[in-house]
Each structure stands twice: as structure tokens, then as C-alpha cells.
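Enquirer: prediction below, plus the sequence it came from.
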Amino acid sequence: MSTDAAGRRRIVFGSAGAAAAAALGVPLIDMHAAAAATPPKADVHIELEAVPDQIALRPGPPTRVWRYRVKLLRGDARALEAPAGTYLGPIIRVRRGQRARIDLINRLPESTIVHWHGLHVPDDMDGHPRFAIAPGERYVYDFTVANRAGSYWFHPHPHGRTGKQVYFGLAGLFLVSDDEEDSLGLPSGAYDLPLVIQDRVFDADNQLAYLSEGVAPAAAGGRAERGTMGGGMMGGGGGMRMGGMGGMGRMMASMMGVLGDEILVNGRPGAHFDVAARPYRLRLLNACNTRTLKLAWNDDSPMTVIGTDGGLLAEPLQRSHVMLSPAERIDLWVDFARWRAGTALTLQSLAFEGGVDMGGMMGRSGLRDGASFPVATLRVAGDAPRIRETLPERLSSLPPPDTSEALHADRPKVFTLTMGMMRWGINGRGFDMTHASELETVKLGTSEVWEFRNDDTASMMGMVMPHAIHVHGLHFRVIAREVSSRFRHEHDTVRAGLVDEGWKDTVLVMPGERVRILLHFADHPGLFLYHCHMLEHEDSGLMRNYRVEA
């Protein structure tokens, strides 16, 4: 085995993980061999523990959460930021070309694994659920950061439990910088402001309500509780508010998706930020389980988009609003010197049609998907000098997508999002942990065009809902959208806010829509995922593997 291969081998400690890994053919390394297996010269070495905890988020009792507790073992102190008073975090900052080692330790009462969302890494570093580790075990990630500068993130990815684990707090940002970005002089430090947007339901005791499950207090040893959160979804919210609907309500929410009625930003409700009268970089991440956002300023000021999922655009774009489905990111350049001192701007989500909602059919009340609501307030300070800076006209070298060398360019591979027997699927198939079909098998070094179809075959009770399609292990280009006449009205309410330019790893596919993407399979053979990032859809079967063959 080569030195590089040895450095990338999985390290699993614990008898349960050893048995599972052996069954899957995963090579094991014992505790004494760990140091030799993973070279100690990582530029950044972080210990990441997934733990039960309690956080004071609202007046009254603290909220029981699951969160990542972190320790920087090697590297620049600026590589790690763990904000206080929030379940969310940490923020990991690295540079392109650096080698990162991250030791995941599972202190949860159930299995988990971490997916580095948007990173281009080998399949055993990507967080596939086949590598999930049991309580008490450790998984070592060791990879070189190959991505261009951009806003990436990380979250759990165990099969069937991703929605729950993200909902209770497990997520963080992974921000990459490089020389190209540095040359632009973009806002940095305190003026580089991430805004991670989530929606949640709290019960009367300030506890998070998710389906029928809760989390035990940390002092109780972290054992999972079921049906103890004031009724969970029965008293909270989801794809619909479930009061009085019993198991049918929970079943519908587990398929349609969980919607909260309170908005949190960076893990805190009632988000308010004081900003200086100068340019900022706002990194927006939709980290909701299911909710799609239509973001705009309350005074109709235009938004200047400088980056998407995979980093900087070729040039700034102007939008009246931006659409963000779950897991999508947008970077904005905002010059707060445009507004008078004391101005309170509201970042809001505007109303749109075609969201995940069956309220009229099921009698649900609450904050439906596609409703209008405030997200955060940003107040322009009046006690600091006003600083004027100019955004460069060119941001990055980003050629337009070229399908001339792509296989299936004229007849794309078709992936239809389906619903059958109350289960999600792709082309009628649900998730299989280790299988990829012939259609889902690709050759290393080639490019292909894929088409995702979201039409009546993906309907439930006669309704078609949006999906956020995420492809692991790479970035792609969106090359075409088609929408059927039946869904033209819904599409018209979101079309102006779609940002398809640039590199993407997640794309919104609206009801009645067909979206074509261009993918290139470089560097890493192996088994990777593609799925809907509406997490309850993913957990319910709308996820498949694709295999890259050398």
C-alpha cells in the first residue's frame, strides 16, 4: 500500500464498529497503529466530538441539543472558531492545498458519521453512511483540501437518521480560501459574516420537537428518549402541524419534510446584527431540513451575488431576490454604507408557490413552506466612519459549461424522482447501501449530462413538491431547465431568484421541472451518493449511490 493510501485509510476504534467495518471489507487499524497509519504532519488537526449538551436559547429552561465540541490539536489558531451560546458550529477555516486531519469521536447514543458537504475528497473521506460509527467509536478523516475558495459545510450522514441529527444541532461551516480569492481584497475578518439559516419547533419546555423523538439531558448519559418532547411532532410542526393527527401525521411529516415555525440564524432565534457602514461578505447557507428560502431585503434593494456552492462566480450578478433550497449556499457582497446610520434592514424570505405544503388538504396551520417571514435584522451603526470600497468587475476564471466532450450530451441519463407505496425513490428504486445500477456507474475521467425529472411520477396525493438534488464528491454546472405548462405559475414565482451560474453541488428542482446538469468525474474512484437534501426525503429513500470506476 502506498504512503498516500495508508494516510487515507479509515481508522475505526471499538468492537461494534470493527464488526460493521469487517462486514463491509473496511480495513481496520488498531489504536497502536493509528499514529503510523496517519502521518502526523497535517497542516490542520482537529478533534471533533459529537456530544449531547444543553444550551440556553430562549427564556426559560435550557434546550437539550446535540452538537460538535472541538479542539484544535495542530495548526493556526484562526483555523477554528467555536462560537459561544449556540448549538451550531464550529467554523473551520483552511486554505486550498492544506492537509486536514479531523478525528470524529461519537459520544451520541446512536451511530453517526460526518459528510464534508461540497468537498472533493476520496469516497472513504466523504461520510457515506456505510462508514457510520457506533457510540464510543472514532473515525479519522485525512485529506488534502482540493476545493477552490468557497463556503462549504459539514453535517451528519447516517442512513435514516440524518434529519434528526441535523435538526438537533449537528452542523458546522468549512470555509476555504486561496490565492485567487485573496487577490480580490474581499471583506474579511469581522466583515466576513456567515448566516446559517434554520427553522425549528420548540415545545412548551423549550425543547426541540422532531417527529416523536427527543434527546436526553447530557447529565442522563445521553440516552435517546422517544415520545417525550411534549408530543414531538404531535405538538410541534413538520411538513404540516400535527396536532391531533396521531401516527398518520408523523408518517406524513417523515415523508414530506419537517418545517419549523421559528427561524434561527447561526443557532440563535431572533437574529440581530450590528454592521459597520462599509462592505461585507455575507455567506448564506440554507441549513433547514426541508424549507426553501426566497431571500430579499425588505426595501427591495438589489442583491449582489459573488459566489455559489462551489465558490466565486466569474463576475458579480444582480438579483432582486435569491432562491436557496436546503444545503445551497450564496455569497453576497453588501455595501452597508449605502444606507443611513441607524437603518435597520430586514433580510426576509418572500412568498412563493410550489413549496412543500399540504396545509389546505390536511388542515395544518403555522409557517408553511413558501410563506413570507423575517429572517434577520442588520442595523447600520452610526458611530463609525463610512468606508467605501469597490467590488472588482471580474472575480474568477470560470469558463462556460462545455458539453462537447460529455457522454450522453444529446440524450442525457434520466433520473426521475418517484413516489410509490408511500416511499420515495429515484427511477422507482430506494436506497441500497452498497449497490449502484448500470445507469449509475460512470468512468473516471469522463463527463456526463444527467437530467433530473420532477413530474407526476413523484406525486403524493396528486401533489408534486420541490426537491433539492445534491451530488456528492464533485461540483457540476446547471445547463438547462424545462418546466411543464401545468406548473408554469409556481415556477414564475421563483424563476428570477435562481442562480444557476457557477459551480454547484445542490440544485433546486421545482414541481413539473426537468433540470440538466453537466458533471465531470475526476480523481477519485469509488462509491458516492446523490440524493434530495430535503432531509426527510433523503431518510425516506430519495437517495442512491453512483459508482466511479477506474
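Expert: That came through fine. Residues are numbered from 1 along each chain as shown.

Enquirer: ok, what's across the strand from the residue lying closest to Arg340 once chain neighbours are set aside?
Expert: Once flanking residues are discounted, Arg340 sits nearest to Val380: 7.1 Å by C-beta to C-beta, 6 or more residues apart in numbering. C-betas here are computed from N, CA, C, even on glycine. Beta-bridge partners recorded for Val380 (DSSP bridges): Val275.

Enquirer: and Val380, how many neighbours?
Expert: 21 (other C-beta atoms under 10 Å).

Enquirer: try Glu440
Expert: Residues within reach of Glu440, counting by other C-beta under 10 Å, total 20.

Enquirer: per-residue pLDDT of it, please?
Expert: Listed pLDDT for Glu440 reads 98.

Enquirer: secondary structure element for the residue nearest to it when sequence neighbours are not counted?
Expert: Excluding the flanking residues, the one nearest Glu440 by C-beta to C-beta, 6+ apart is Tyr546, at 4.4 Å. Assessed by DSSP states H and E, Tyr546 sits inside strand 543-549.

Enquirer: now that strand: mean pLDDT?
Expert: Averaging pLDDT residue by residue across strand 543-549 gives 98.

Enquirer: rewinding a little: show me what contacts the residue nearest to Arg340?
Expert: 275-277, 336, 339-345 (C-beta atoms under 8 Å, 6 or more residues apart in numbering).

Enquirer: 10 Å - rerun?
Expert: Shown in contact with Val380 (C-beta atoms under 10 Å, 6 or more residues apart in numbering): 274-278, 336-345, 386.

Enquirer: which helices and strands does the host helix or strand of Phe528 pack with?
Expert: If you go by DSSP H and E, Phe528 is part of strand 526-532. Applying 3 or more C-beta pairs under 10 Å, 6 or more residues apart in numbering; DSSP states H and E, we find strand 526-532 packed against strand 423-426, strand 447-454, strand 467-471, helix 535-539, strand 543-549.

Enquirer: the closest residue to Leu295 other than its chain neighbours and Ala271: what is the separation?
Expert: Closest residue to Leu295 apart from its sequence neighbours, by C-beta to C-beta, 6+ apart: Val322 at 5.2 Å. From Val322 over to Ala271 the distance is 18 Å, taken as C-beta to C-beta, to the nearest Å.

Enquirer: just list the residues touching Phe452, thanks.
Expert: With contact taken as C-beta under 10 Å, 6+ apart, Phe452 is in contact with 412-417, 426, 467, 469, 471, 507, 509, 513-517, 530, 532.

Enquirer: just the strands from the stretch 351-500 of the chain, written as ranges.
Expert: 373-380, 413-420, 423-426, 441-443, 447-454, 467-471, 476-483 (DSSP state E, counting those that start in this stretch).

Enquirer: re earlier: quick check: the residue nearest to Arg340 vs Trp339, distance?
Expert: Distance from Val380 to Trp339, by C-beta to C-beta: 5 Å.

Enquirer: list residues touching both of the two?
Expert: With contacts defined as C-beta under 10 Å, 6+ apart, the residues shared by Val380 and Trp339 are 275, 277, 345.

Enquirer: give the helix, strand or coil label for the second one.
Expert: Secondary structure state of Ala277, per DSSP: H, G, I helix; E, B strand; the rest coil, is coil.

Enquirer: which pLDDT value goes with the residue nearest to the spatial centre of the chain?
Expert: By C-alpha atoms, centre = their mean, the chain has its centre lying nearest to Ala327, at 3.2 Å. Per-residue confidence (pLDDT) for Ala327: 98.

Enquirer: residues near the residue nearest to Leu295, how many?
Expert: Other residues close to Val322 by other C-beta under 10 Å number 21.

Enquirer: just Ala204 next, same as before
Expert: 11.

Enquirer: ok, the one 4 residues further on next?
Expert: Per other C-beta under 10 Å, the neighbour tally for Leu208 reads 25.

Enquirer: now do the one 4 residues further on
Expert: A count of neighbours around Ser212, defined by other C-beta under 10 Å, yields 21.

Enquirer: repeat for Thr308
Expert: For Thr308, the count of nearby residues is 26 (other C-beta under 10 Å).

Enquirer: export stretch 390-405 to CSV, keeping only CA atoms.
Expert: Extracted in CSV, the C-alpha atoms of stretch 390-405 (Å, rounded to 0.1, in the frame of the first residue of the first chain):
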residue,chain,number,x,y,z
THR,A,390,-15.3,48.9,-5.0
LEU,A,391,-16.1,45.3,-5.9
PRO,A,392,-14.0,44.0,-8.8
GLU,A,393,-15.8,43.6,-12.1
ARG,A,394,-14.1,40.2,-12.6
LEU,A,395,-14.0,37.7,-9.7
SER,A,396,-12.7,34.4,-11.1
SER,A,397,-11.7,32.5,-14.2
LEU,A,398,-14.8,30.5,-14.9
PRO,A,399,-15.4,29.3,-18.4
PRO,A,400,-18.9,28.5,-19.5
PRO,A,401,-20.1,24.9,-19.4
ASP,A,402,-18.9,22.8,-22.4
THR,A,403,-20.8,19.6,-23.2
SER,A,404,-18.8,18.9,-26.4
GLU,A,405,-16.8,16.1,-24.7
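
Enquirer: pull out the buried positions in that stretch.
Expert: Of all the residues in stretch 390-405, those buried under the rule 16 or more other C-beta atoms under 10 Å are 391, 395-396, 398, 401, 403.

Enquirer: check stretch 200-220 too.
Expert: Those buried within stretch 200-220 under the rule 16+ other C-beta under 10 Å are 200-203, 206-215, 217-218.

Enquirer: which one of those sits closest to Gly310?
Expert: Arg200 (28.1 Å; C-beta to C-beta).

Enquirer: beta partners for that closest one?
Expert: Residues in beta-bridge contact with Arg200 (DSSP bridges): Glu262.

Enquirer: gap between Glu451 and Arg78?
Expert: Taking C-beta to C-beta, one finds Glu451 at 43 Å from Arg78.

Enquirer: name the residue in those two with the higher neighbour count.
Expert: Glu451 (18 against 9).

Enquirer: surely that one is in contact with Ala409?
Expert: No: the pair Glu451 / Ala409 is not scored as a contact, 11.1 Å apart, by C-beta atoms under 10 Å.

Enquirer: show me what contacts Pro269?
Expert: Pro269 neighbours (C-beta under 10 Å, 6+ apart): 57-58, 198, 200, 202, 262-263.

Enquirer: now those residues: which count as buried?
Expert: 57, 198, 200, 202, 262-263.

Enquirer: including distance to Leu350 and pLDDT, could the residues you listed go into a markdown table?
Expert: Converted to a markdown table, the buried ones among the contacts of Pro269 look like this (distance: C-beta to C-beta, whole Å; pLDDT from 0 to 100):
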| residue | distance to Leu350 | pLDDT |
| --- | --- | --- |
| Leu57 | 26 | 96 |
| Gln198 | 18 | 98 |
| Arg200 | 21 | 96 |
| Phe202 | 25 | 95 |
| Glu262 | 19 | 96 |
| Ile263 | 14 | 98 |
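
Enquirer: what count of nearby residues applies to Lys443?
Expert: 13.

Enquirer: so the residue nearest to it when sequence neighbours are not counted versus Leu527, what's the distance?
Expert: Setting aside the residues directly before and after it, Lys443 is nearest to Glu549 in space (C-beta to C-beta, 6+ apart), at 5.8 Å. To Leu527, Glu549 is 10 Å away according to C-beta to C-beta.

Enquirer: touching both of those two, which residues are there?
Expert: Ala436.

Enquirer: so between the two, which is more surrounded?
Expert: Leu527 (20 against 12).

Enquirer: you'd agree the more buried one is up against Val442?
Expert: No: in this structure, Leu527 is not within contact of Val442 by C-beta under 10 Å, at 11.4 Å.
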